[in-house]
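**Student:** Mind folding the following:
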Amino acid sequence: MTENQGNLYIISSVAGGGKSTLIDLLLRKHPEILFSVSYTSRPIRGGEKNGLNYHFISKEEFEDLVVKNYFYEWAQVHDNYYGTPKEFIEKNLKDGKKIILDIDVQGADKVKSSLPSSVSIFIVPPSREIWVERLKNRGTDDPQVIEKRIKNGLHELEAQDRFDNRIVNNELMKALEELETIILS
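**Tutor:** Prediction:
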């Protein structure tokens, strides 16, 4: 990266691993860090806001944006599309900003291969039992979706060794401190 270029931080985890909570806490403490709001074709969940958590669009709209080369990276995960807007990333890196991406393992691999200087961080749940319990207690998905997320998550956990950093999310504030140390160093 050039001296004026910013830094891109890729944060991934299994569904229910706690990455969204950690990112939210980090951004509240450090408003100078930017969050890239991804696009998705999945339905909005209770408590989410369009444009804040994701840009919620239809599968057809998403596919149209893919054809227009709108995304820095995109993937199909859990039967829905997710993508990172290219212009936001390129402009803010050029302006020297720190940017956080909350993306899945597939997206992380794509970003890391196109921008090797990006820093990848995998958030690991403390145990399989705690992870499954967190997924069930979220109350956002029906049992079939939870089972699919567990199946996919087991494959995602196998990818954690490909990441530059690994944080076990056992104690929330300790995990936040570790995340802060990585991003602010």
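**Student:** Next one: the closest residue in space to residue 175 that isn't next to it in sequence, what pLDDT does it get?
**Tutor:** Residue nearest to residue 175 in three dimensions, not counting chain neighbours: residue 169, with 4.5 Å by Cβ to Cβ, 6 or more residues apart in numbering. For glycine as for every other residue, the C-beta is placed from the backbone atoms N, C-alpha and C. At residue 169, the model reports a pLDDT of 94.
**Student:** what distance separates stretch 103-121 from the centre of its chain?
**Tutor:** 10 Å (Cα atoms, centre = their mean, to the nearest Å).
**Student:** Pull the residues that contact it.
**Tutor:** Under the criterion Cβ atoms under 8 Å, 6 or more residues apart in numbering, residues 1, 7-12, 38, 72-75, 77, 82, 84, 101, 155-156, 159, 162-167, 179, 182-183 lie in contact with stretch 103-121.
**Student:** Mind checking which of these are in helices?
**Tutor:** Members of the contacts of stretch 103-121 lying in helices (criterion: DSSP state H): 155, 156, 179, 182, 183.
**Student:** can you pick the most crowded of those?
**Tutor:** When the ones in helices among the contacts of stretch 103-121 are compared by neighbour count (other Cβ atoms under 10 Å), residue 179 ends up highest, at 23 neighbours.
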